[in-house]
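Fold the following for me, if possible:
(chains A and B)
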Amino acid sequence: MPKVLILTMFAALACNTCSPPQRPPLPNPGVPDRTTCKSPDGNPNTMDKNQMFIRRDIDKSQLKSTTALLVVSIKNVVNPDMEPMTFEISIELPAETLTLGTFSLYPPNEPGVFKFRVNNQVQKLRDAQNGCLIIKHVSEPGIVVNDKVRITFDEAYWE
Amino acid sequence: MDPNETIHYNPSRRSFLINASLASLSFLAVPLFTGGCEDIFRKIKNRPVRRCIKDARAVNQQLDIYKAAVTAMRALPSSDPRNWTRQATIHDNFCPHGNWFFFPWHRIYLHNFENICRKLTNEPTFGLPYWDWCVEPRIPGQFWGAGNPLNNATRVATSISTASAVSVGLPLVDGFCDEPNFNIFAGGNAASLRPAGPRVYGNIEATPHNYIHGTFIRGDMASFMSPLDPIFWSHHCMADLCWFEWNITRAHPNTSDPVWANFDHSGMFVDGDGNPASMTSGMSQLLPLLSYRYETGIDCVEILDVKSIVAKNNTDFEKTKAIVQKGAPIRMDVKQRFRFAEKTMITSERIGGATIKTDANAFSRVIANAKDERVLLALKGVSEPVDSDLFLRVFINKEDVAAQTSTDDPHYAGSFYFFRHNRDAQIETADFTVDITSTMRNLQQTGALGDLSNLKINIVAVPVEGKDAANASIGIEAVECYIASVTTDKMDIK
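Sure thing, here's the model as predicted:
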């Protein structure tokens, strides 16, 4: 996973050095700001070349003891060059990060709904004071996401 | 007798295995249906093996056959539906993704593709080798090399690229196969292959399957023309093994929703001869038990003994039925019923039969347009032979039928066998039902159906291979023919 994070950072840095308008430097998603779950640019729904991850608050009010799944939906994909699209889903709690799994798009421009088991972690999630949902693009070695890519997510929800 | 009676056709295991599988083996076509039941059972027992791709002689022999098949398919004219590109186009046009038809559709697709390979290479025992990405995360060496028919130049992955363990690793897939819920494992509900609305992916499809296609290999594999790359078929063979592992080895039932089970995957596939082939999702559950088998499990090591797996997970016949057949209860509303009520005894020496007076107009209507209605034939009150040494074959309008009459005969409607698992138990009677719509339609097209208002049913008892059936007999209380509409009987997923 560190390799993935470093590549994500390189992609962001490359952008910052060559193409205005520039955005503020990105935080390292591997070192989360645990005081807020907001994405750096304030857009919680869309990934693009400059920000291939999403950070959101967990809506704990909807989290019940019977909750079994976290549902992540991709509403729209712009990926004309069919770059590989694999995402990792995790939840950052104050004390630890829970990795729920990965999913991929096939073809890489097809949206869809993806479900992750959380049965065993529900109590932990309910007990935590706060938590962030992290959806992160997993880079493939040697591939830098191009500036045409836009991935739009819907609100995640519990099932 | 109420012609509008609603019946729930939910046969016992005894009739299920025969009625649902053997009578429907016409769907399985080439390798299974060349003789009588005895031949069928021998072929089931010796059905082709799908082996894990590793550097072993047995699997390399199969890969050599696969190469020859790919070469032969590429050499076919584009007018031949078995042509390599035509086969890929089936996927491009119809493949379901992100719904519960993902597994059955691709199983049927592979089954027909495998039959084409067997036919074109004249290798009836060919079994498609599977690429176990759980334990071999690189594209196998047998799929690389200039001039190799299994190579594909569009791949972005190289021979040393390694798939990520977080997407295809054995612990991950092992965990997915423990998922108890059908929808989470296999995908969301759908009424058609590509419905409007979002795709809801099952876990195997969302993660290892999609990753291999769109993230790892890429090139042709990233598109819906992915079957152009020969690795596609071995990749999907592994996905199919995951379904087998989940459903049979770990005894998780598929959905009981008839929308899934009765969905007819027709109008897309062709068999080894290039003729149209179809199968329902429900029937596809039986393919790894009847048409092919996996040599090893998802770990590519453990030798699978399906008989033991089924025995381990099922303490009795009823439980076997629940696991294998779950999802197949078919509810039919009987519209019209015609009955020949006269007790008949059939032996290996004595052919049985009945002439049923029917409504010719109603039958003609159903045969001409049998989308929602079926013509069903029921043998009622059948008393089984003590030693299961006879089985029955049923023909339509075949006066000269004999025990030797082939099941390839166009008048053939179905077979019924008897599993008598307790020889000392009291002899039971049972009812058997077979769908004769397609047989009647085929006969009508060739002018061989005869007088529809006097439908002739011919029943022949055939000795089981190696059994002495001289003194065996089967009694039948009545023969019924009825027209029924198939309705969707909504049931909750357990």
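
and the most centrally placed residue in chain A, bridged to which residues?
In chain A, the centroid-proximal residue (Cα atoms, centre = their mean) is A:Ile135; its distance is 1.5 Å. Legend: beta-bridge partners of A:Ile135 under DSSP bridges are A:Ile54, A:Ile89.

neighbours of A:Val122, just the number please.
17 (other Cβ atoms under 10 Å in any protein chain shown). Where C-beta positions appear, they are placed from N, C-alpha and C, glycine not excepted.

how much space between the residue nearest to the centre of chain A and chain B?
Distance from A:Ile135 to chain B, counting by Cβ to the nearest Cβ, to the nearest Å: 14 Å.

which residues touch that residue?
With contacts defined as Cβ atoms under 8 Å, 6 or more residues apart in numbering or on different chains, the neighbours of A:Ile135 are A:Met47, A:Phe53, A:Ile54, A:Arg56, A:Val72, A:Phe87, A:Glu88, A:Ile89, A:Phe153, A:Ala156.

Could you pull up the residues touching residue 156?
Just so you know, I chose chain A. A:Arg56, A:Leu70, A:Val71, A:Val72, A:Ser73, A:Leu133, A:Ile135.

look at chain B instead
B:Ile217, B:Arg218, B:Gly219.

For it, what is the enclosing helix or strand?
For B:Val156, there is no host helix or strand (DSSP states H and E).

Would you map the strands across chain A?
Taking DSSP state E, the strands of chain A run over residues A:46-48, A:53-57, A:69-78, A:86-92, A:97-104, A:112-117, A:132-137, A:150-153, A:157-158.

One more: the stretch 201-350 of chain B?
B:264-270, B:276-280, B:293-294, B:330-340, B:344-347 (DSSP state E, counting those that start in this stretch).

re the thing from before, can you tell me which of the contacts of A:Ala156 is closest to chain B?
A:Ser73 (6.6 Å; Cβ to the nearest Cβ).

count of residues packed around the closest one?
Residues lying near A:Ser73 (other Cβ under 10 Å) number 18.

For A:Ile135, see how far away it is.
11 Å (Cβ to Cβ, to the nearest Å).

Can you work out which residues contact both of these two?
Listed as contacting both A:Ser73 and A:Ile135 by Cβ under 8 Å, 6+ apart are A:Phe153, A:Ala156.

B:Asn115 should be in a helix, yeah?
Yes. Remark: B:Asn115 belongs to a helix, assigned using DSSP: H, G, I helix; E, B strand; the rest coil.

In this structure it contacts B:Gly274, no?
No. At 10.4 Å, B:Asn115 does not count as touching B:Gly274 under the criterion of Cβ atoms under 8 Å.

And those two? Which one has more around it.
B:Asn115 (24 against 16).

Give me the pLDDT for that one.
Per-residue pLDDT puts B:Asn115 at 97.

can you check B:Ala163 too?
If you check B:Ala163, the pLDDT there is 96.

again, but for the one 4 residues further on
B:Ser167 carries a pLDDT score of 96 in this model.

who wins for proximity to B:Ser256 among the strands of the stretch 201-350 of chain B?
When the strands of the stretch 201-350 of chain B are compared for distance to B:Ser256 using Cβ to Cβ, the nearest one is strand B:330-340, at 10.9 Å.

Might you calculate how far that closest one sits from the centre of the chain?
Relative to its chain's centre, strand B:330-340 lies at 25 Å (Cα atoms, centre = their mean, to the nearest Å).

Just checking: what are the partner strands of that strand?
strand B:6-9 (antiparallel), strand B:478-487 (antiparallel).

I'd like the average pLDDT over stretch B:248-259.
pLDDT averaged over stretch B:248-259 gives 89.

can you give me phi and psi for B:Arg50?
Dihedral pair for B:Arg50: phi -100, psi 110, per degrees, to the nearest 10.
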